[in-house]
Structures are given as C-alpha cells and as structure tokens.
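Predicted model and sequence follow; I will ask about them next.
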Number of protein chains: 4
Amino acid sequence: MKRTKLRYGMIGGDLGAFIGDVHRKAAAMTEQAELKAGCFSRNPEKNRACGEHYKIASDRIYPDYETMAREEGSRPDGIDFVSICSPNDTHYKAAKAFLTAGIHVYCEKPLTFTVAEAEELKALAEEKGLLFGMNYSHSGNVMVKEARRIVRCGMIGQVINVNAEYLQEYLLDDVGNTDREMLQLGSWRKDPAISGGSNCTGDIATHIEHTVSYITGMELRKVAAVLDTYGQPLDLNANILVEYENGCHGVFSSSQVCAGHLNGLVVRIFGTKGAVEWVQETPNTLSYTPKGRPTQILNRGTDYISDEAAAFSRLPFGHPEGIYEAFANMYQAYTNAVLKKVNGETLTEKDLDFPDAEDGVRGVKFLTACLKSSRDGAVWTEL
Amino acid sequence: MKRTKLRYGMIGGDLGAFIGDVHRKAAAMTEQAELKAGCFSRNPEKNRACGEHYKIASDRIYPDYETMAREEGSRPDGIDFVSICSPNDTHYKAAKAFLTAGIHVYCEKPLTFTVAEAEELKALAEEKGLLFGMNYSHSGNVMVKEARRIVRCGMIGQVINVNAEYLQEYLLDDVGNTDREMLQLGSWRKDPAISGGSNCTGDIATHIEHTVSYITGMELRKVAAVLDTYGQPLDLNANILVEYENGCHGVFSSSQVCAGHLNGLVVRIFGTKGAVEWVQETPNTLSYTPKGRPTQILNRGTDYISDEAAAFSRLPFGHPEGIYEAFANMYQAYTNAVLKKVNGETLTEKDLDFPDAEDGVRGVKFLTACLKSSRDGAVWTEL
Amino acid sequence: MKRTKLRYGMIGGDLGAFIGDVHRKAAAMTEQAELKAGCFSRNPEKNRACGEHYKIASDRIYPDYETMAREEGSRPDGIDFVSICSPNDTHYKAAKAFLTAGIHVYCEKPLTFTVAEAEELKALAEEKGLLFGMNYSHSGNVMVKEARRIVRCGMIGQVINVNAEYLQEYLLDDVGNTDREMLQLGSWRKDPAISGGSNCTGDIATHIEHTVSYITGMELRKVAAVLDTYGQPLDLNANILVEYENGCHGVFSSSQVCAGHLNGLVVRIFGTKGAVEWVQETPNTLSYTPKGRPTQILNRGTDYISDEAAAFSRLPFGHPEGIYEAFANMYQAYTNAVLKKVNGETLTEKDLDFPDAEDGVRGVKFLTACLKSSRDGAVWTEL
Amino acid sequence: MKRTKLRYGMIGGDLGAFIGDVHRKAAAMTEQAELKAGCFSRNPEKNRACGEHYKIASDRIYPDYETMAREEGSRPDGIDFVSICSPNDTHYKAAKAFLTAGIHVYCEKPLTFTVAEAEELKALAEEKGLLFGMNYSHSGNVMVKEARRIVRCGMIGQVINVNAEYLQEYLLDDVGNTDREMLQLGSWRKDPAISGGSNCTGDIATHIEHTVSYITGMELRKVAAVLDTYGQPLDLNANILVEYENGCHGVFSSSQVCAGHLNGLVVRIFGTKGAVEWVQETPNTLSYTPKGRPTQILNRGTDYISDEAAAFSRLPFGHPEGIYEAFANMYQAYTNAVLKKVNGETLTEKDLDFPDAEDGVRGVKFLTACLKSSRDGAVWTEL
C-alpha cells in the first residue's frame, strides 16, 4: 500500500530552541511527516523533556546521534528521514551517520565546516541514493518561487546586476564590547568552535548567496569581501563584491549591527528586460518591473501568479503567510520527494525543486572564499 | 490531576473549506487542544472524509450538531468545547445546542441573525457558566494587542476620531452582473438565507467595528450607513458614519469591489495625545505617533513591546507572523481560559481577554443598525 | 504684435504670508506673468514693504482693491489679471470689483461665502467674457492630471465608489483648549467672520470635493456630514458621506487634529474596471490597478505617461516636483488661456482645463450643504 | 551701502539644457542673484537666443568663456560669480579663467578630469581669496542637512558601516547595443572625451561619495571597484567597496541600467548608537533609528527639526519640496557667503556650509581611484 505519511527524527531543537520548534511546526503543517525519534539536546534532561513533550517512545529518545542513526537504520519502523537542527559543528558528523545508516537527511545550513566535508556528504548521498535537503528556508516563500519563475522564463532577460542584502541589528551591542560574560550570553553563533569561523557571513550572507542562485540559476565564480569584527572573534558585518560564472557582477551586504533592520533580506535582480525585488519582511508581495514600464506589485494568492508558485500558497490573497509557511513549504517539497522515493516512484526534475547537497557545497565554498578574501585584503577569491 | 490538553469538536470546516482548516491549524498550534469529534459537513461523504482524515473515532463523526451536542455532552470523555465554523445560518442553533449540553462554545462571527437570539445565547452561556468565544480573529494579532495596550494606558489621550476601512476587490465582477449561474459559483455569503441579510457589512465591516472596540474599549451609539448592492441581492460596499457612546465620531468604509485592495483592514485611532495605525496586510508592525513627534514604526518581537502583547508573540522580530498565528492567538487565549475553567481555577479579567458573547451581541446590533440605516436613507440609527 | 507676457496684480500675500509667496513664485515659473501692481495688505506699511520688495511702481501699490480695480482697469498698461490670495472674507468683493473693471480674475478658494454670491460672480465673468480661475491647487499636479486622463478615457470603467481624505494634525492642540489668547495666535481660519463659517471643511475637505470632480468629472448630488468642533467656534474634523449625480457613493474624511498626518490628501477612485490612487505627499507617483491585475506605480516624467499630463511635467523622472510646481502648473494653464484671450485667439475646451467659477460655485455649495447637514444631524442634504 | 543682490553669469545652460534651467530657477528662488551675463552655448544662435530670452545685454552675451572672464573681470558692474553648467570637459578651463579674473566660481561636478587640475583650482581660489562652490546638489536637501546634524552631534554614535546606492534605469537600452547612431542620440555623458572617462561612476556614484561625506564628515581612504560597461565605451554600472580614513567600511552601488529605479539615491549611515536613512525620491522625510528603539520618520517643516536644517526649509510640513528647492538651497548657502564677502564681512565656518573646491578634489580622487581599481581587477586603491 502506498504510504502517505513519513516518519522522521530530529537532531537538536530542544524545547527552548527557536528554530527546532519552527521545523517541527513546519513538518506538521505538511500533514505528511510524523516525529517519531530524536536526540534533541546533549543535555539528558532537556533531551528527555522534549521527547516526552512530543510523545516520542522512550526507546527512541536517543543519547547521541550515532546511536540514533544506527538503531533507527535497523528498525523496521525506523525513521524515513532525519532533520538536523543542531548547532553548526554537528552537521557534518550527524549527516554522515544518518546517510551511512541509509536514512534521508534534511539539514540546517551550513552543511559542513570545510568544502571537502561538504563534497564528501554530497557524494555519499548520491552513492546511497538518498535525498539530501538543505534548509535554505527563504526559498520556501511563494513569492521567491514566483521570482524564480519570472527570471527563469526570461521575463527580465539576461541578468546583468545583482544587489542583495541581509541586514539585522541584534548584535549591535557587541560592537567594541569587551565584557566577555555579557557576550557569552549571546548564542553559540559567536563561538568559532561551534559556528565554524564566521557569524554574520555564515549565518546570513549565505542566505543571500543561496536565494539569488535559487531565483536565477546563476553560480558564483569569485568574491571580494570585507568582513568587520569590531573587536569580536567573528565577523558581524560583511560587504561583498561578487562575480557570477556568466560574468554578471553584483554586491551582497550583510550585517548584524545595522540599527533599524530586523531581519532584512532584500534580493534585487536586474536584467536586460526588467527586474524583480523581494523583501523578506513583507514576503507576500514581489515587485516586478518590465523595462520601460511601471513597477508592478504582485501578490501571493492572486490569479496572475503562476501555477508553479501557487502550488505552495496556503492562504487566499491578502491573508499574510509568514515564516512558518516558508518552512512548511521547504518540508512540503522535501517530503513530497521522499514520499515518492519510499513509494518507489520515479522522481522528475520538478520533484527535486528544493535546495540539496549541491547547494550545501556551494554555501560552504562561498563562506570559505569570503573568509579568505577578507583575510587577504578583499582580493578577488575564486569559489 | 491538572489537565493540560482540551478535547474539542468542530461544526463545519470540511476538507474543502478554507476557514475550518485555519481553525484546526490554529488550535493545533496552541498544543493544548485536540480534535476529537465533529460534524464537518451536511454532506455525509464529506463529513466522513474529513473525520477520517483527522482520525476522529467513527462514532464521533456526527450527522448533525444536535446529536453531537447531546452525545458529547453525556460522554465522560466528551469534548470540552466546540468550534463552530459553519455558514452563518447555523451559528445560533448550533451554539444553543452545545450550551444547552453544557459545552463551551467558540463561534465564528456573526453570532446570530437577530439581536434577540444573540442576547439569548449570551444569557444562556452566563446562566450555564460556560465560556463563549467569538472568532473576531484580527484581535489575535500581537500588534493589535499592542495598539490596545497603548490606547488603554492613555498614550494617545482621549480618542477623538476613528478612521477605519476594510477593502477587498474579490467581488468586483459581481457589479452589475446578471448571470445568475456565475454568481452561484460564489460563496454562500451571497445567499441572503444563509449569510443573514448582508454580505459586505456582515462579513467585513463587522471586523472594523470589533477591532476598534477591542483596541479602544469604546462602544458604538449609532451609525449612518450607505450600503451599495450594485444590482445584487446583498451589499457589496458600505460607507458608514459612526458615533461612539463617548461622543467620538468616525467613519468605517468596507467594500468587496475596490480594485487594488485584497484584504485591507486598516484601523486608525486618533486621540488628543497621539495616534495609532495598524494594517492587517503588514500585521507585524504598528505605527504610533505621539503628538508633535515623528511617527514611530513599532515591530513585533522587539524589547520595547509590552509584556501583555509580547505574550502572544511566537517568532523573533523580523520573522513575519501571519493569519495562522493570529488565529492561533485567538485559540490560545480562549483555551487558556477553558483550561483554567476545567481545572477549577478562578479566572481573572486578564484571562478573559478574548472576544465573547457580548462582542457577538454588539456585532449583531451593529449589522442590524447598518442595514436599517441604509434602508431609511442613511439616517442616524441607534444600535 | 502677439503678446507673450502678461501683467498681473495681487490682492493679499504680503511678505509674511505663506501662500501669497507661493503664488508669486508659481507665476514666475511660467515665465509669462509679471507682477505689476498690488494691494498686499490692509496694513499700509506691510503693503508698501511688499510692493517695494517686488519693485512695483509706487503708484501701483494700492491702499484697497476697489481703487486698484478702478485704476488698473483704466490704465493702458493695466494688469491683465489679478490674483486674489487674501483671506476668505474678501474674495467676493474683490473678485466683483475686478470683473466689473474688466480684469480677468484668478482667485483662491473659497470663491465666496454664499452660493448666491458665487453664482453672481460666475454670471458676471460670463457676461463680461472674462476668464475666472480658481486655485484648487492640487489639480495642478501632473499625476492628478494623469489620473484624470486614466479615468476619463475609461481605463477604470464606471466609477462605483470614492474614498478620499485630507488629514492634518496642526490644530490638535486646539481640541478642548479654552485659552482664547493662545487660540488667537492661530490663523484667521479660526475666525468665523473671516473664514466663512468653517475651518476644516472649508479649508481642506473642499479640496477633496474638487480633486475628485476634477479627476472623474462627476458632480455631487448630496452629502451627509458630521463636523466636530471639540469646543472651538469652527469645525476641526469632518466625516462626510457623499452621493454623486450618477448614484455613486463615497466618503470624505478631513481633519486638522489627526496626529501623524501632515497634509494628507489621498484620493482613491474605484471603478468597474480598475482603480487609481493619488497621495499628495508623494505627488510624483500614481497607483493604478487594472481589475484582476497587479497594482502599478506610475511615475511622472516617464514615457508611458500621456502627453496630456506630460505637458505639465517640468523635471525628468525621479527628480521630485512639489508644491511650487503644482501651483506653477495652475498658473501655466490659466495664463496660457489669458494669453490666448488677450491675443484674440479662440479658446478650445482643452485651453480651459483649469478650475473655474463653476468649480468655485460647486465648492461653496458643497461647504454650505456640509454645514447644514451637520447642524441637522447628518441628514442627507442636497447641494 | 550694503549690497543685497549679486550679479552672476552662466557658462552653458542654453534654452534646451535641463540642468542649466534648474540652476537659473534655483538662483532666482534665492532672490539675491540676478543673471547679467553668459556664454550659454558654443553654438552662436543658441547662445544669443538664450541670452535674449533672459534679457541679457547684448554685449554681455559672450562667444567664449575666456572673453567673458576677461571682460566681466574688468567691468565695474561685472558679475560677482559665475555658474558653470557646461559639459565636464570645460569645467577646469572655465573655472581657471574666472578665478584668474577674480570672479567667484560656482561649478557643476566634476571639478576637473585630473586630481592635479583640481588641486590647482583649489589652490588658485585660496590664493585669490575667492569662494568656490561645487554643485553636489543633494546636499541642498533640508533632510540631508538634518541627517548631517544628527550624525555630527553624535546621535548615532560612531559610524561603523555605510550602505548607499544611486540606481537609475535610463540607459538600460544601451546594454549590448551596437547601433552607434542610436547611442549618439544619448547625451555627451557617453563620450569619453567630454565626460572624462566615466559615465555612471562620474555622474552618480560621485554623488554618493559626496553625500555620505557631507553627512558624516568622514573621508575615503580607499576603494575596490567593479565597473561594468556592457560593451559600451564607458561604465554603466559600478559596485564599490569603500574604506574611510577612520576604518569604517561600506558599499556604494550605482547604476544606469537597473529597471525600476529612476533617480534612486539612497544613503544609509549606521552607527554604534543608531542609524539614519535618506531617499532622494521622497526627500521630505528622513528615517532615524535610535539603537533598540523604533524607527522614526522625521518630516521637514516640523518643530522637532533642528534650526540648522530648518533654515533651509521653504514650505510647511506636508507640502513637498523637490529638486528646485534643493538646488535653490545650494545657491542660498553659496550666495549668502558671496554676499558677505562682497560686503566685506567676516565669514564663519557656518557660512561656509556648502560643498567647495576641497569637495571637488575629493570627487576627482574618488573617480580616479575607482577607474584604476576596476582596471586592476577590483584591488583596493588609495584615493
């Protein structure tokens, strides 16, 4: 009998974690994924509390991901996929363990700390025939998908300039701060050992890189980056010149110290025949300008949106969708594909319209190149 | 042992219905309400399909709400509350049946077709000691709650003018249309027998009335309304002068035929010391202007938002919340109260911060007065 | 020889007056009107100082408008037209004096205090064959002219709803204020004897009335108005239901006590095929929504703007024009016509595309009806 | 007797020229500068036509700027200052001629083609004791002056990041275009010999450089620039990393090929205590965010604007000022200073609050460095 629901497990995301909770709600919104196992925290109490809260069988609340991968991989009712939402330093090892155990993987970015590790995971997934999803979550927005459709079908012509930014203000107090204790209160993102050598660039500039590529299909060739640490161990601000494989230039600005900006991902793609602009904080609209004509404000949910994007729309126009829906759309695309896989169906290219290990590899390459470029004085650095 | 989860049932909201699905997702987001029974459709197949989809025990998928109210009211594991999401003409009878059976009721607006019915339900709920929630869903938005806090604590002084609107475009094709068949394709909202004598005013102007009262605490004294039907049985456009009990005047505009407006609820409250403005389509912000000072753009999730409103915030600033969260907040407040009730705890005024039967009565009075005023040539009509 | 420059005189507008200065700069921008005479103030010193500042010949700085009308009317090099910028109570008498003297008149609104006076002036101008311009200045904006073109050529179909407002905050301190001295500091607009029985409605709601009619060509049939004085002699706030001759309804809101609003004229016209929206504070753009399509943001100065509107555009796109240009466009249209007249040319309908005495009459009718309606309890009142 | 009016002459700006007309209207708005001489075009007919239009005495309509400088320099009623609005290639020689003749100079940017020439002019002006104004016109906006005041008085703390852009779309058709004839139709800006080796960077990125420095007082140390020509002789797009003398980094993006952007100068300055943002297309407002607080929308003309900025405000709040007023403010500041100078008064630092030859030198250095950096592969290049 054809399966309609998947079993999944989770790494990280205990009850106090913000992003793990979003992952669980998003998976639930698909109505085709049920949480059946997990290793939610390195802390045994937190791990158990979280598992119990979600009514996970006690033998499937695991002390570590190695055990979980091994046991789930050998149970007849084992999980179909694992969602890895733990801090960055665990992604590589955890993903490797589950792939090795024959379990599909859905992973938070960054994929790994090094390009070699990323490529190893990609190769391993391919070798095992497993689906590897990367949670570059902004791709889940309906109007990002519509932007992709508009650009991919030629409505803005050839892309000739990219201008994108991701500005936040939440670490502004860290600038020049020398109170180590206060700084510790911040997240693990500030700890080089856990976050992987970058804060701002790795956490948010990487979303710019991905979202632009998702929309345009273009790949970066090289970057010239200036990262600012303002006295802290890791970067809090990054201004980056970029060049794509097709010669198109652009600029990415990302920051965690820009007062007045909360979670300001803005992507603007300029082509020979027009342009598109999408703003994360008002995700239900998309600006589209055909050359020489007025700018149009497109709205999610309307009749003029393509079927391709509308397939991910959940509410009527004018009824705002937000972050949960964007994440849910990520899980929707990924679980659709995994369901087909477990049901033995053939996957088409359209079924694979979600960020994958290849995107993960590119993300690691991008970050690595930015860090090197900045160290070397903002010289052009190949990905 | 203290209960942490409630059992609830649903009237209406089969698998094809938009709003029923939002109710279920919203209830699920509270993590304290489980769907255990229902009468999802008058159509037996649809009813059963929906019940099975949600894994409702087959003996709790009921053919009608009378049976459901009676049986659930006598089961030891019967539902704690019922959510009524069916078309307007069933609200009164269904609500009465469940109240009579001793079950708490959460009801879509409008409460009833007549003021007498509405007051009867209100009295019945009070007599039975049951909690009656009304789904005036925009009150669920965090920034509406912040607006309420700002106004209630005197930050804009005495309210001296109200300007609010709810503009949509989705029925523009109905203007002057005489193709009955095409019109049938529209919703039951266009059928006087089901919707209750109004389309535009009853469906959306009523949200203006409620949201303003929720924010300000002011009650309407009289209205002067002009409703336009453009050749259809029911109103598609309404411009309404209002006077509150405290003498404050204002204007409400609502329409289903305004090109360029999707779901445009905009509420602006002007006082002697400042003003607030909230726009439903960008619900995560609130404009606040202190007299003689620059307008400030307040954002949900920030430190400067009051605890009272922040209690309903689910995501960090800059991460958009939308309709699901607004509905979830409605259920959160209501189920918090019902849980206290079933646990035998005493409810404070703060626990009762959700629209109730009294708000439902006011909504019916408002609609009734608007319809009468318009029929009488826009004369002032008392509520 | 064909004349290319006109001579004009001014009533009111001494050196301290805001609006007189705008009139002079606007006339100068046309490069076809030269200030040659004036009675700038009732105060002899101020009158002389202003005249000298503008190098007016001393015998053409007049002590009163009667003398000025008589003498300029009989000089061979007398003024071609007079611009009346003095407070409201002088408009009727001054206009009558100049018309009687055979001089074209350009007048600030309101035309007069009573409908009879307004109609008298209109008849007198017609009888004398003189051009009477009314300074409903917002009509001068290029994008208002483009809105007019869009509506007049049927692009939004039949107009079915109007929603317009003019909100200001500058008199908020007057609410409930009983300090007569402080109130005196305000303008003559607060003095019934000078302003003509209204402050808010006569000063700004009248602009709504005119701008909507200018764009749509529709004329008002009746109004139902609620004016608020908040303890002052004249109205500071007005909410008005309107019905046009063609049956179209709408609402006008105007206020001088709405915190957060500076000079907020917003005009929204809704039709069966689309809608337009214009906002005075960002006058270089116009929103246009074709039914069922995305809203478009039209920009002044672009190729897609009609020749009709573009004829009044002075700067390239993206280079903001403001109030001076709007006024200059008013003078441009009016002086174009007067030049043709003095050169003995025949004027076409297009040459007469400026507000005239007929518009002035309508403005007085509108105000009169609003005042009466509000006194009578917001009953529908014919114009 | 103290003089209150200046005589000025103009180089360039014939009747068909856009910017010359704006200069003349702006000078006229100050009411303290009268056009008395000119060499408006290399074309004798156009030169004479323009001179006659402005009633210039025929002996003061000059065939070339050398003659004009010599003769005006020796007339007793010669011009006090000259306004140079001709294409770029004449700036250096014309400015030198007038300085040599002892006449104050007000010059369009760029000052010269080379840094050596620019420094020569600066030294010459200083030696002669003449006032040299540079028309970096965006500095003339009231809200740019308010931004300067806010930043200079420490309200945003130490500047730590700059993000500014100037995006236009008007040359998008040039991308990849090989039709030389069509391209000729464009302006002289596309001709390297006249424009000086750059189109986009020299025309608009230079405004970013100046406006940021005007607001912050910071000077650039080095740039890393990528200029795109898309097959044309000169750059049409420029993305530039910048480093200021104080170590602050930032990014400038300028383009003439970005669909949807008309004249989009946007300046955002981020500091340790807050941020400001100004957008040229809506010049009457300024966004100011104090750290950890809501963004405030400041409006020109209000009581809370500083006297320093308000001194340049011409209209009440809510009444839009635009380009003419920005230019007029440039002339106001410059002619105020020249008047003091010709009246023998001592000039304070505040009197010199207008862009001068030093700013002109910096502009040339900036452009030179950008061109070199781009040629060298976007390497950091010192100014």
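Perfect, thanks for sending it. Here the structure is a predicted model, which is why all the values come from computation and not from measurement.

quick one: the strands in the stretch 1-150 of chain A?
Using DSSP state E, counting those that start in this stretch, the strands assigned to the stretch 1-150 of chain A run over residues A:6-11, A:33-39, A:81-84, A:104-107, A:132-134.

Parallel or antiparallel, which strands does the third one pair with?
Sheet partners assigned to strand A:81-84 using DSSP bridges are listed as strand A:6-11 (parallel), strand A:104-107 (parallel).

all helices of the stretch 1-150 of chain A, in order?
The residue ranges that make up the helices of the stretch 1-150 of chain A, judged by DSSP state H, counting those that start in this stretch, are A:18-30, A:44-53, A:65-74, A:91-100, A:115-128, A:142-152.

tell me the mean pLDDT for the longest one?
Confidence over helix A:115-128, taken as the mean pLDDT, stands at 98.

Now do it: distance to the chain's middle.
18 Å (C-alpha atoms, centre = their mean, to the nearest Å).

Check which helices and strands that helix is in contact with.
Contacts defined by 3 or more C-beta pairs under 8 Å, 6 or more residues apart in numbering or on different chains; DSSP states H and E place helix A:115-128 against helix A:91-100, strand A:132-134, helix A:357-375. For glycine as for every other residue, the C-beta is placed from the backbone atoms N, C-alpha and C.

I'd like these as JSON lines, with distance to D:T4 and mean pLDDT appended.
JSON lines is the format used below for these (distance: least, C-beta to C-beta, whole Å; pLDDT from 0 to 100):
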{"stretch": "helix A:91-100", "distance to D:T4": "74", "mean pLDDT": "98"}
{"stretch": "strand A:132-134", "distance to D:T4": "71", "mean pLDDT": "98"}
{"stretch": "helix A:357-375", "distance to D:T4": "57", "mean pLDDT": "98"}
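
Chain B: which of those is closest?
The closest approach between chain B and any of the helices and strands packed on helix A:115-128, judged by C-beta to the nearest C-beta, belongs to strand A:132-134 at 19.2 Å.

tally of neighbours for the closest residue to A:G360 other than its chain neighbours?
Once its chain neighbours are removed from consideration, A:G360 has its nearest residue in A:L111; the separation is 3.1 Å (C-beta to C-beta, 6 or more residues apart in numbering or on different chains). Other residues lying near A:L111 total 31 when counted by other C-beta atoms under 10 Å in any protein chain shown.

Check A:L111 and give its pLDDT.
97.

so where's the stretch 51-200 of chain A uncertain?
Residues of the stretch 51-200 of chain A meeting the criterion pLDDT under 70: A:180-186.

What's the nearest residue in it when you look at chain B?
Distances from the stretch 51-200 of chain A to chain B, computed as C-beta to the nearest C-beta, single out A:Q168 as the nearest residue at 7.1 Å.

coming back round to it: got TSV for the strands paired with strand A:81-84, with mean neighbour count and distance to B:D89 too?
TSV is the format used below for the strands paired with strand A:81-84 (neighbours: other C-beta atoms under 10 Å in any protein chain shown; distance: least, C-beta to C-beta, whole Å):
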stretch	mean neighbour count	distance to B:D89
strand A:6-11	25	41
strand A:104-107	27	46
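
could I get those strands as a markdown table with distance to D:K341?
Formatted as a markdown table, the entries for the strands paired with strand A:81-84 read as follows, by distance: least, C-beta to C-beta, whole Å:
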| stretch | distance to D:K341 |
| --- | --- |
| strand A:6-11 | 74 |
| strand A:104-107 | 70 |
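
And those: which comes nearest D:L220?
Using C-beta to C-beta as the criterion, the shortest distance between D:L220 and the strands paired with strand A:81-84 is 42.1 Å, found for strand A:104-107.

Centroid-nearest residue for chain A?
Averaging the C-alpha coordinates of chain A gives a centre point, and the residue nearest to it by C-alpha atoms, centre = their mean is A:Y136 (1.7 Å).

any chance of the helices and strands packed on helix A:115-128 in TSV, plus mean neighbour count?
Formatted as TSV, the entries for these read as follows, by neighbours: other C-beta atoms under 10 Å in any protein chain shown:
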stretch	mean neighbour count
helix A:91-100	23
strand A:132-134	26
helix A:357-375	23
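
Please produce JSON lines containing the ones you listed, extended by distance to C:T216.
JSON lines is the format used below for the helices and strands packed on helix A:115-128 (distance: least, C-beta to C-beta, whole Å):
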{"stretch": "helix A:91-100", "distance to C:T216": "62"}
{"stretch": "strand A:132-134", "distance to C:T216": "54"}
{"stretch": "helix A:357-375", "distance to C:T216": "53"}
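
which residues of the stretch 151-300 of chain A fall in strands?
A:159-167, A:220-228, A:237-244, A:249-255, A:264-271, A:274-279, A:285-290, A:295-299.

how much does the second one deviate in direction from helix A:357-375?
In this case it means strand A:220-228. Comparing the axes of strand A:220-228 and helix A:357-375 via axes from the mean of the first three to the mean of the last three C-alpha atoms, to 10 degrees yields an angle of 50 degrees.

quick one: strand A:220-228 to chain centroid distance?
Relative to its chain's centre, strand A:220-228 lies at 20 Å (C-alpha atoms, centre = their mean).

CA atoms of it as PDB?
Provided in PDB are the C-alpha atoms of strand A:220-228 (Å, rounded to 0.1, in the frame of the first residue of the first chain):
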ATOM      1  CA  LEU A 220      29.200  32.400  -8.200                       C
ATOM      2  CA  ARG A 221      32.700  32.400  -9.700                       C
ATOM      3  CA  LYS A 222      34.500  34.700  -7.200                       C
ATOM      4  CA  VAL A 223      34.100  37.200  -4.400                       C
ATOM      5  CA  ALA A 224      35.900  40.200  -2.900                       C
ATOM      6  CA  ALA A 225      34.800  40.500   0.700                       C
ATOM      7  CA  VAL A 226      35.400  42.900   3.600                       C
ATOM      8  CA  LEU A 227      34.400  41.400   6.900                       C
ATOM      9  CA  ASP A 228      34.300  43.500  10.100                       C
END
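
number of nearby residues for A:R152?
The criterion is other C-beta under 10 Å. On that basis, A:R152 has 13 neighbouring residues.

ok, and for stretch A:45-58, which residues are buried?
Burial within stretch A:45-58, assessed by neighbour count using 16 or more other C-beta atoms under 10 Å in any protein chain shown, is assigned to A:47-51, A:54, A:56.

filter the residues you listed by proximity to chain D?
Near chain D, taking C-beta under 8 Å from any C-beta of the partner chain as the test, no member of the buried residues of stretch A:45-58 is found.

between the residues you listed, which is closest to chain D?
Closest approach between these and chain D, by C-beta to the nearest C-beta: A:C50, at 31.9 Å.

if you average pLDDT over stretch A:321-330, what comes out?
What stretch A:321-330 shows for mean pLDDT is 97.

so the residue nearest to A:G360 makes contact with A:M134?
Yes. Taking contacts as C-beta atoms under 8 Å, A:L111 lies within contact range of A:M134: 6.4 Å.

Can you check which residues contact both of those two?
Between them, A:L111 and A:M134 share these contacting residues under C-beta atoms under 8 Å, 6 or more residues apart in numbering or on different chains: A:357, A:360, A:363.

List the residues that contact the residue nearest to A:F327 when sequence neighbours are not counted.
Of all residues beyond its chain neighbours, the one nearest A:F327 is A:A26 (3.5 Å), with distances taken as C-beta to C-beta, 6+ apart. For A:A26, the contacting residues are A:324, A:327-328, A:330-331, by C-beta under 8 Å, 6+ apart.
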